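Student: the following comprises the amino acid sequence and a computationally predicted model.
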Amino acid sequence: MKKLLLHLDTDLVASTFDQAVAYDAGVDNIIAHGGATRDNVTAHVHGMIFTRGGKNLKNSAIFIGGSNVPASDLVGQAVKKAFFGPVRVSVMLDPNGSNTTAAAIARKVMTNYDITGKNVVIMGAGPVGQRTALYLIKEGAAKVTLTCRSMERSKATVAQMKKAYDVDVVPGETRSDEAVQALLKDAHVAIAAGPAGVCIVPKSSWASSKTLEVIADVNAVPPLGVEGIEVMDNGEQRDGVRFYGAIAIGNFKMKVHRGAIASLFDSNDLFLDETTIYDIACKIDNA
Amino acid sequence: MKKLLLHLDTDLVASTFDQAVAYDAGVDNIIAHGGATRDNVTAHVHGMIFTRGGKNLKNSAIFIGGSNVPASDLVGQAVKKAFFGPVRVSVMLDPNGSNTTAAAIARKVMTNYDITGKNVVIMGAGPVGQRTALYLIKEGAAKVTLTCRSMERSKATVAQMKKAYDVDVVPGETRSDEAVQALLKDAHVAIAAGPAGVCIVPKSSWASSKTLEVIADVNAVPPLGVEGIEVMDNGEQRDGVRFYGAIAIGNFKMKVHRGAIASLFDSNDLFLDETTIYDIACKIDNA
Amino acid sequence: MKKLLLHLDTDLVASTFDQAVAYDAGVDNIIAHGGATRDNVTAHVHGMIFTRGGKNLKNSAIFIGGSNVPASDLVGQAVKKAFFGPVRVSVMLDPNGSNTTAAAIARKVMTNYDITGKNVVIMGAGPVGQRTALYLIKEGAAKVTLTCRSMERSKATVAQMKKAYDVDVVPGETRSDEAVQALLKDAHVAIAAGPAGVCIVPKSSWASSKTLEVIADVNAVPPLGVEGIEVMDNGEQRDGVRFYGAIAIGNFKMKVHRGAIASLFDSNDLFLDETTIYDIACKIDNA
């Protein structure tokens, strides 16, 4: 029986990237729809759950993507609501690749590195930054600061995270190089999760820190997010700091993405979102 | 050679349900287009008939679906018109699942039950009700009444059926429980083919009939179309009446749908519509 | 590893024809997007080049089609621009089938026929006519005249071809039967590459020529482009002239189209456009 994936994308055109990854994860055919909203996906979900029965349901699954993370979350809720108890299929939410990317960052940072009790600064309070914070707190970091260019937005973001996940994240502002330097002064881990093509951490900001042990950056487009990092860095040490660049992170992200899609077809009741995709990354990392 | 299906859908977004069924019927790849109209399908039909030749043409086929049945019928005519004599591929029309659902209802009703000379009342004069009427008349029912909430609309519908298929259907109105009860008073078979979530036949309406032998209902969403029926009923008897619920009908509908799609690839000249899909249901039922 | 094809179509709905051919060329799955413009394809290209690495990249490829040839060329340029050096996939441009059709015409005309030093008249200055002219000049034709109903447009077209390919094509006008007859008077090869359903060469126009040796016509819809030709003609001789009709040309075009798509997966760095698809046609013709 064919492995069928319903791809619901909140962007108008369904992502080529996500479809290509799904095929490499063993999907036989994709039924892709762009323009997904919480109001128009019910019939599509029914199209998946009512066409196969019983044990065969696990050969059907749903992927939800799109560059708008909150919109994709709403679609995720609508998909769940369209199920009828056990008459359901497994679902993966990875809008903008945020869950798989954050999981990859967290696992890279923790390669032969004990995060317990560490002080982490994550620059970029978008979905990737938020989820990375979530995973590192879960793994025992003592303090995680999440920053963006506006303290007001950072505060709103950590308040929302407290409400959603009951985690304590410290809000921060990184409007100037001095602000970054001050934040990194006693940090052990610095993560640049900001927009592509913007250097947020000049060398002076990280080199002056006496405590920094690990720096990661997801930006693959020059100028990189951290001055002095290389996109291929995969734990390379310079000035006593281990670096993880965008390609090393990206390669592991691909494994997590493929692994998560593949796992959808193990049963018909998985719901892989920002709270569960990290567990898959751990399994893959330890395999 | 791959089995290719061109899926033309009169809805803006091509049906997930119909695509999933097609894959389970053995289709290798689907080329799906929503927004199909009689004015924009010719090039797509040519794309199917001019890419493979001779004996290979039977590996290409066309499915026409959509929630708007008349619009889909027009697309069916446009598809036929785009063929060049023997340079054609097999076609299946099943807008809104109406043909396969009606065929399933008719076959279920006739399970170990001779319809010859029986009096049938079908509540719901939409495509499913119309096609069910057509099949039961063909099989020998003495009288088939097709009802909706407006006698005027029922009359127009049966007039159109007379013109299209040369069959005599009796128009009816079911605006009140009393009207339903009066219709069922001397009926042998009652079929609820109305909208989901609406009970059209309260228990008092059918329990008071001394002639009723079979009741079927395609509504799977509570409240069901017939009070006292269960969606899983598959010939269960209560109060001397056999019941067929939405899931029993739906399961057989899936077999008919898959069987009809699969048969498209036996030759390049089938045209499966409301007049021919029933024959496939009979074959599957007797297999 | 699956052979994945990204199909970018400048038409709003992705071509069924091109997708069907791709499946017959060995593609496992197509990710199709209509409405492609030079401004919206970068993310899709990245979706192909960043999902597989190294040697596996050759299993991903891009097809660019659409009825608007200049728009498709712009998409081709945007696709190239989205590559990162060797991080690229093979690409085929065949908007409106123009490259594969022109290559098929040229190869058919040259079947056991030496084009060296010959005088060629191509009626129809659209993409198919232009590319046919390009190929026949490349193969040694002494003079190629490209005509349409307006000398001004013909002049603009040949000027553009001079600029793009550094070839000398003679502009012509075919507004009347007399003009056609005058052009064919001392021509060896006449090619009708005009719109479907229009006869541009009445019998009197070609029968009066004492020099004509080959006539080809891509129009399959009556009235054909050349009076007296048959769509099935595949080198048939009548009145001392060899004829190639639309179906003979079309059958070879299909081979070229399939062969070109198949070759995309031999390496990750092919760019098949109007300048290179002809070479594939030669290889297939000689195989």
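Tutor: In hand now; what should we look at? Just so you know, these numbers come straight off a predicted model, no measurement behind them. Numbering: from 1, shown residues only, chains lettered A, B, ... in the order given.
Student: show me the strands in the stretch 151-287 of chain A, by range?
Tutor: A:170-173, A:189-192, A:214-217, A:234-238, A:241-244, A:271-272 (DSSP state E, counting those that start in this stretch).
Student: who are the packing partners of the fourth one?
Tutor: Pointing back at strand A:234-238 there. strand A:241-244 (3 or more Cβ pairs under 8 Å, 6 or more residues apart in numbering or on different chains; DSSP states H and E). C-beta: built from backbone N, CA, C; applies to glycine.
Student: check the second one too.
Tutor: For strand A:189-192, the contact count by 3+ Cβ pairs under 8 Å, 6+ apart identifies helix A:98-109, strand A:119-123, helix A:127-138, strand A:214-217 as packing neighbours.
Student: OK, contacts around A:S208?
Tutor: Counting by Cβ atoms under 8 Å, 6 or more residues apart in numbering or on different chains, A:S208 touches A:181, A:184-185.
Student: can you pull the pLDDT of the residue lying closest to A:A106 once chain neighbours are set aside?
Tutor: Computed as Cβ to Cβ, 6 or more residues apart in numbering or on different chains, the closest residue to A:A106 that is not its neighbour in sequence is A:Y135, at 3.9 Å. On pLDDT, A:Y135 comes in at 97.
Student: swap in A:P222?
Tutor: For A:P222, pLDDT reads 89.
Student: tell me, how many residues neighbour A:I229?
Tutor: 25 (other Cβ atoms under 10 Å in any protein chain shown).
Student: oh, that last question was meant for A:A156, not what I typed.
Tutor: Neighbour number of A:A156 under other Cβ under 10 Å is 13.
Student: any idea how far it lies from A:R131?
Tutor: Distance, A:A156 to A:R131, using Cβ to Cβ, to the nearest Å: 17 Å.
Student: for A:V87, same thing?
Tutor: Distance from A:V87 to A:R131, by Cβ to Cβ: 30 Å.
Student: these two: which is more packed in?
Tutor: Legend: neighbour count by other Cβ under 10 Å for A:V87 and A:R131, higher for A:R131 (28 against 14).
Student: quick check: pLDDT value at the residue nearest to the more buried one when sequence neighbours are not counted.
Tutor: Closest residue in space to A:R131, ignoring its immediate chain neighbours: A:A102 at 3.4 Å, by Cβ to Cβ, 6+ apart. On pLDDT, A:A102 comes in at 98.
Student: mind checking how far A:A102 is from chain B?
Tutor: Using Cβ to the nearest Cβ, to the nearest Å, A:A102 is found at 29 Å from chain B.
Student: could I get the contacting residues of that residue?
Tutor: Contacts of A:A102 (Cβ under 8 Å, 6+ apart): A:127-132, A:134-135, A:193, A:274, A:278.
Student: any part of whichever strand or helix holds A:Y23 near chain C?
Tutor: Assigned by DSSP states H and E, A:Y23 belongs to helix A:16-24. Yes. Helix A:16-24 reaches chain C (Cβ under 8 Å from any Cβ of the partner chain) through A:16-21, A:23-24.
Student: average pLDDT for that helix?
Tutor: On average, helix A:16-24 scores 98.
Student: how far off centre is the following helix or strand past it?
Tutor: Note on helix A:16-24: by DSSP H and E, the next helix or strand toward the C-terminus is strand A:29-33. Distance, stretch centre to chain centre, for strand A:29-33: 23 Å (Cα atoms, centre = their mean, to the nearest Å).
Student: quick one: strand A:29-33 to strand B:29-33, angle?
Tutor: Orientation check (axes from the mean of the first three to the mean of the last three Cα atoms, to 10 degrees): strand A:29-33 against strand B:29-33 gives 10 degrees.
Student: name the strands paired with strand A:29-33 and say parallel or antiparallel.
Tutor: Paired strands of strand A:29-33, with direction, are strand A:4-9 (parallel) (DSSP bridges).
Student: got the contact list for the strand it pairs with?
Tutor: Counting by Cβ under 8 Å, 6+ apart, A:14-15, A:18-19, A:22, A:27-36, A:41, A:44-45, A:47-48, A:59-66, A:75, A:79, A:261, A:264, B:16, B:20, B:23 sit against strand A:4-9.
Student: out of those residues, which end up buried?
Tutor: A:14-15, A:18-19, A:22, A:27-34, A:36, A:41, A:44-45, A:47-48, A:59-66, A:75, A:79, A:261, A:264, B:16, B:20, B:23 (16 or more other Cβ atoms under 10 Å in any protein chain shown).
Student: now the residue in the stretch 101-250 of chain A positioned nearest to chain B: closest residue in space that isn't a chain neighbour?
Tutor: Going by Cβ to the nearest Cβ, chain B is nearest to A:P127 of the stretch 101-250 of chain A, at 26.5 Å. Leaving aside its sequence neighbours, A:P127 sits nearest to A:S98 (Cβ to Cβ, 6+ apart; 3.7 Å).
Student: show me what from chain A comes close to chain B.
Tutor: So far as Cβ under 8 Å from any Cβ goes, chain A lies against chain B at A:1-2, A:4, A:6, A:28-29, A:31, A:33, A:35, A:40, A:43-44, A:46-48, A:50-53, A:60.
Student: give me the most central residue, chain A.
Tutor: A:N99 (2.4 Å; Cα atoms, centre = their mean).
Student: check contacts around it.
Tutor: Per Cβ under 8 Å, 6+ apart, neighbours of A:N99: A:93, A:131, A:272-274, A:277-278.
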